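1. Below are the sequence and a predicted model for it; my questions follow.
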Amino acid sequence: MSHLLELTMYQISQIFLLPTLALIALLFLYAFWVLGEFVMLAWLRRRGRGKFLLRQFRNQPTLSDDQLDLLAHKALENPRIASRVMPMLGLVATMIPMGPALKSLSDGNLAEVSHNLTIAFAAVILALIAASITYWVVNVRRRWLAEEILEIQSLRGACV
């Protein structure tokens, strides 16, 4: 009975390799998209534009601090999630091929061991690169949004 359970768990885990690799590939591309957006925002900010919250406030001066905070969180939500999920996906993509690699090692099939370890290490490297990019962008953008909130509060103080 326990052998059947172990075999079933092994087979189920193998099903998740391709979807995990596909997610890593998509999020890797997404990380570079986020980096591109960040570079454009940095360029706009140097020119005195690209301040998302300030623009929202000027369009709707009745926005409360809570609403501005919510807009800031919403602006960072997707890259923040990506930066947190990518290391987990990298770990999953590392561990799934390890089972077949160890089995191949015990069978003496070094080519299959090499193939599985290549998949494992490539996946974790791409996942960590993507996580690093999105983590860095999220933290700098979080500071930018905090600066904008302070600027909005000073504008409100000047109007009173």
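-> Cool, got the structure.
2. biggest helix in this protein by residues?
-> Ranked by number of residues, the top helix in the chain under DSSP state H is helix 110-159.
3. Quick check: mean pLDDT of it?
-> Helix 110-159 comes out with an average pLDDT of 94.
4. What is that helix packed up against?
-> The contact analysis (3 or more Cβ pairs under 8 Å, 6 or more residues apart in numbering; DSSP states H and E) places helix 110-159 against helix 17-46, helix 52-59, helix 65-107. In this view, the C-beta of every residue, glycine as well, is placed from N, C-alpha and C.
5. Now do the second one against helix 65-107, angle only.
-> Regarding helix 52-59 and helix 65-107, their directions subtend 150 degrees when assessed with axes from the mean of the first three to the mean of the last three Cα atoms, to 10 degrees.
6. repeat for the first one
-> When the same axes, to 10 degrees is applied, the directions of helix 17-46 and helix 65-107 differ by 140 degrees.
7. Buried ones in helix 17-46, by neighbour count?
-> 17, 20-21, 23-24, 27-28, 30-31, 34-35, 38, 41 (16 or more other Cβ atoms under 10 Å).
8. Save the residues you listed as TSV, and put in distance to residue 61 and pLDDT too.
-> Formatted as TSV, these follow (distance: Cβ to Cβ, whole Å; pLDDT from 0 to 100):
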residue	distance to residue 61	pLDDT
17	52	95
20	46	97
21	48	97
23	41	97
24	43	98
27	37	98
28	40	98
30	34	98
31	35	98
34	30	98
35	33	98
38	28	97
41	23	96
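9. tell me which of these is nearest to residue 111?
-> Distances from residue 111 to the buried residues of helix 17-46, taken as Cβ to Cβ, are shortest for residue 17 (18.3 Å).
10. right, and that closest one touches residue 98 too?
-> No - using Cβ atoms under 8 Å, residue 17 is not in contact with residue 98, being 10.9 Å away.
11. so which of the helices and strands packed on helix 110-159 comes closest to residue 5?
-> Closest of the helices and strands packed on helix 110-159 to residue 5 is helix 65-107, at 14.9 Å (criterion: Cβ to Cβ).
12. circling back to that earlier point, turn the helices and strands packed on helix 110-159 into a markdown table, including distance to residue 135.
-> Converted to a markdown table, the helices and strands packed on helix 110-159 look like this (distance: least, Cβ to Cβ, whole Å):
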| stretch | distance to residue 135 |
| --- | --- |
| helix 17-46 | 10 |
| helix 52-59 | 20 |
| helix 65-107 | 4 |
